[in-house]
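**Q** could you work out the structure for the sequence below:
(chains A and B)
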There are 2 protein chains.
Amino acid sequence: MPGTPPTRFVYLGPQGTFAEQALRTIPAAERGDRTPARSVPEALDAVRAGDADAALVPLENSIGGAVGVTFDELTGGTPLMITREVVLPVEFVLAARTGVHLDGVRAVAAHPQASTQCRGWLHDHLPDAQVVDVLSNGAAAAAAADGSYDAAICAPIGAAGHRLVVLADKIADHSDAVTRFVLVSRPGPPPPPTGDDVTSLAVYIAHDRVGALLAVLMELAVRGVNLTRIESRPTGEALGRYAFFLDCTGHVAEDRFGEALQGLRRICAEVRFLGSYPRHRFPTTTDERPVPAPAGQSDTDYADAAAWLARLRSGELT
Amino acid sequence: MPGTPPTRFVYLGPQGTFAEQALRTIPAAERGDRTPARSVPEALDAVRAGDADAALVPLENSIGGAVGVTFDELTGGTPLMITREVVLPVEFVLAARTGVHLDGVRAVAAHPQASTQCRGWLHDHLPDAQVVDVLSNGAAAAAAADGSYDAAICAPIGAAGHRLVVLADKIADHSDAVTRFVLVSRPGPPPPPTGDDVTSLAVYIAHDRVGALLAVLMELAVRGVNLTRIESRPTGEALGRYAFFLDCTGHVAEDRFGEALQGLRRICAEVRFLGSYPRHRFPTTTDERPVPAPAGQSDTDYADAAAWLARLRSGELT
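**A** Prediction:
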């Protein structure tokens, strides 16, 4: 239903994980229906089938790296469009039932990635505790709540949801770790430009990777478009072509970005537009964005240059 | 012990997963000690501490994307060096105890990534079976062996190790999926060039990402060095500089590669050398590599050009 605000949301479950926490930062999702999915493909298929209006799925994790399955699902099958990003600090807490104290913790339930990210803290504060692997941050909180283990490493929302007491917060070794989620819908007009937008692309080039990639970057650089992320995908190699995922500054509605996209269209084997959407901004940080278009790269500059060329072609040289 | 072949190996456990299968393709590891580690940091710390000679850890997965924790561990802390890569096809099997037949399978144990990768096969062949998440491919095989579940999605080595019968093989939806592992040791002289080598680098640049990245790629392209992988890492962004992981064709001992490396050293905030090592070759595929150095890029060409410049500088113009 293009034009209708989404009301039915699906997210990478289970309940009580960072994906649910990220989804609930979106006002429409806080008011709407929120259904957990077992996997990223299941979440996106629910949108494709019309069973949900939008899916919130992880795109990259500053510790775990890119979430390849999300990229592959976005570039394969029926097209979908990213309409929003949510960047969430990964703030792990150690949580336990009321009455459990830190010096009484012998067994900690944790997802293996979570305990890896909190390794230094565990070494310093619970050197003798046994860490037991469980399947998700949500499952860790549930296991502490039902008494299977003394405590859990989990998301703040998982502790709150299971009425656990936070024994220690911000226990991750890298305090600036973030996870980036995207909200994905069926195709429709992109959200309007805000002056501080991201455009995600999948670009396919044939052979000679460094030379072809140089040409791609020059198409962007000459229009003042910056890259905020680049990742090559290994799958295409067997097929003799290479795929790159790019996050660029700018919006498809801007003249300079439109010209860059047309340049990519001409030189690449294939370009898939994955969406233009506002950049996530942390409300509490001093953030120097939005960055204005570089000199000579505004829509006004493009309109002026186009009018000048038209005059040249019509014989007006003044 | 530089120069001594490694005999004590550690790998990302548990037993019966693809990492063990990859390690056992290395003859010295097949003869030596093989100890599973709970996590990538634990495996690498065992090498740093001298408790193991080498660690086999995953670097990228063509479905799951890059394994960020491995990159971060390789670029932080005491330096380590990649000395070998092993690329393993991800061949999932459905395995069960003797006497269980496919039409009797009601509950399948699987790691969530494994069941996601076999989603199409499960839909076609076991549409009514319940898929139960477990913590690893090795744990799935163990759960089928002890009768907790009817069958497991696991690695061939997991089925063999638990004396399971393979009910179906190659059940992954993407038959060309691979995982790339690297063998990591304490620093020492790199293995000698083979003519078909990979060099892994972490490159840090300041600001203006697309312009600085263009300059990096030009340093490589002008020496005929190709890129086989590129990935930006999000962590550095808050610090005002950006990190890229690059896999390049070539070896640090080659003149053209040495010149490219010196160029990167001059223009980048920091360059970390992670190792030069032979490219993995699949013995069964027709493989057009090794690719000879491009015209004018051999060590002989570099020696000839250097001698010519020396003559110019000494006043010999003939």
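**Q** what about the stretch 201-318 of chain A, any weak spots by pLDDT?
**A** A:207-209, A:234-241, A:283-291, A:318 (pLDDT under 70).
**Q** just the strands in it please.
**A** Using DSSP state E, counting those that start in this stretch, the strands found in the stretch 201-318 of chain A span residues A:227-233, A:241-249, A:270-278.
**Q** residue A:142: which element?
**A** If you go by DSSP states H and E, residue A:142 is part of helix A:137-145.
**Q** can you name every helix or strand that the helix or strand just after that helix contacts?
**A** Where DSSP H and E defines the elements, the next helix or strand beyond helix A:137-145 is strand A:151-154. When contacts are defined as 3 or more CB pairs under 8 Å, 6 or more residues apart in numbering or on different chains; DSSP states H and E, strand A:151-154 packs onto strand A:93-96, strand A:107-110, helix A:112-117, helix A:137-145. Placement of C-beta: from N, CA and C, glycine included.
**Q** state the mean pLDDT of strand A:151-154.
**A** Computed over strand A:151-154, the mean pLDDT rounds to 95.
**Q** and the helices and strands packed on strand A:151-154: which comes nearest residue B:46?
**A** helix A:112-117 (14.8 Å; CB to CB).
**Q** any residues touching that closest one, and which ones?
**A** Residues outside helix A:112-117 that contact it (CB atoms under 8 Å, 6 or more residues apart in numbering or on different chains): A:63-64, A:90, A:92, A:108, A:122, A:131, A:133, A:137, A:140, A:153-154, A:172-174, A:177, B:38-41, B:69, B:135.
**Q** buried set for the following helix or strand past it?
**A** In the C-terminal direction, the helix or strand that comes right after helix A:112-117 (DSSP H and E) is helix A:119-125. Residues of helix A:119-125 classed as buried under the neighbour-count rule (16 or more other CB atoms under 10 Å in any protein chain shown) are A:119, A:121, A:122, A:125.
**Q** what packs against helix A:119-125?
**A** Checked by 3+ CB pairs under 8 Å, 6+ apart, helix A:119-125 has no helix or strand packed alongside it.
**Q** number of nearby residues for the closest residue in space to residue A:256 that isn't next to it in sequence?
**A** Spatial nearest neighbour of residue A:256, chain neighbours left out: residue A:223 (4.3 Å); criterion: CB to CB, 6 or more residues apart in numbering or on different chains. Neighbour count for residue A:223, taken as other CB atoms under 10 Å in any protein chain shown: 23.
**Q** please apply the same query to residue A:106.
**A** Quick note: residue A:106 (other CB under 10 Å) scores 11 neighbours.
**Q** for it, report the pLDDT, please.
**A** 94.
**Q** residues in contact with it?
**A** A:128, A:129, A:130, A:150.
**Q** mind checking the SS state of the first one?
**A** Pointing back at residue A:128 there. coil (DSSP: H, G, I helix; E, B strand; the rest coil).
**Q** picking up where we left off before, okay, the buried residues of helix A:119-125 in TSV with pLDDT next?
**A** Below are the buried residues of helix A:119-125 laid out as TSV (pLDDT from 0 to 100):
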residue	pLDDT
A:119	86
A:121	93
A:122	93
A:125	95
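**Q** ok, back up a step: with mean neighbour count and distance to chain B as added columns, please give the strands of the stretch 201-318 of chain A in a markdown table.
**A** Shown next, in a markdown table, are the strands of the stretch 201-318 of chain A (neighbours: other CB atoms under 10 Å in any protein chain shown; distance: least, CB to the nearest CB, whole Å):
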| stretch | mean neighbour count | distance to chain B |
| --- | --- | --- |
| strand A:227-233 | 22 | 5 |
| strand A:241-249 | 22 | 8 |
| strand A:270-278 | 20 | 16 |
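**Q** follow-up on the earlier one: quick one: mean pLDDT over the helix holding residue A:142.
**A** 92.
**Q** hmm, that helix in reach of chain B?
**A** No - judged by CB under 8 Å from any CB of the partner chain, helix A:137-145 makes no contact with chain B; its nearest approach is 8.8 Å.
**Q** put the alpha carbons of that helix into PDB.
**A** What follows is helix A:137-145, C-alpha atoms only, in PDB (Å, rounded to 0.1, in the frame of the first residue of the first chain):
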ATOM      1  CA  ASN A 137      20.500 -12.400  23.900                       C
ATOM      2  CA  GLY A 138      16.700 -12.900  24.500                       C
ATOM      3  CA  ALA A 139      17.200 -16.500  25.400                       C
ATOM      4  CA  ALA A 140      20.000 -15.500  27.900                       C
ATOM      5  CA  ALA A 141      17.600 -13.100  29.700                       C
ATOM      6  CA  ALA A 142      14.900 -15.800  29.800                       C
ATOM      7  CA  ALA A 143      17.400 -18.400  31.200                       C
ATOM      8  CA  ALA A 144      18.400 -16.000  34.000                       C
ATOM      9  CA  ALA A 145      14.700 -15.200  34.700                       C
END
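**Q** who does that helix touch, helix- and strand-wise?
**A** Under the contact rule (3+ CB pairs under 8 Å, 6+ apart), helix A:137-145 is packed against strand A:93-96, strand A:107-110, strand A:151-154, helix A:156-161.
**Q** distance from the chain centre to the next helix or strand after the longest one, please.
**A** What it means is helix A:156-161. Later in the chain than helix A:156-161, the nearest helix or strand by DSSP H and E is strand A:165-169. Centre-to-centre, strand A:165-169 and its host chain are 27 Å apart (CA atoms, centre = their mean, to the nearest Å).
**Q** perfect, that will be all.
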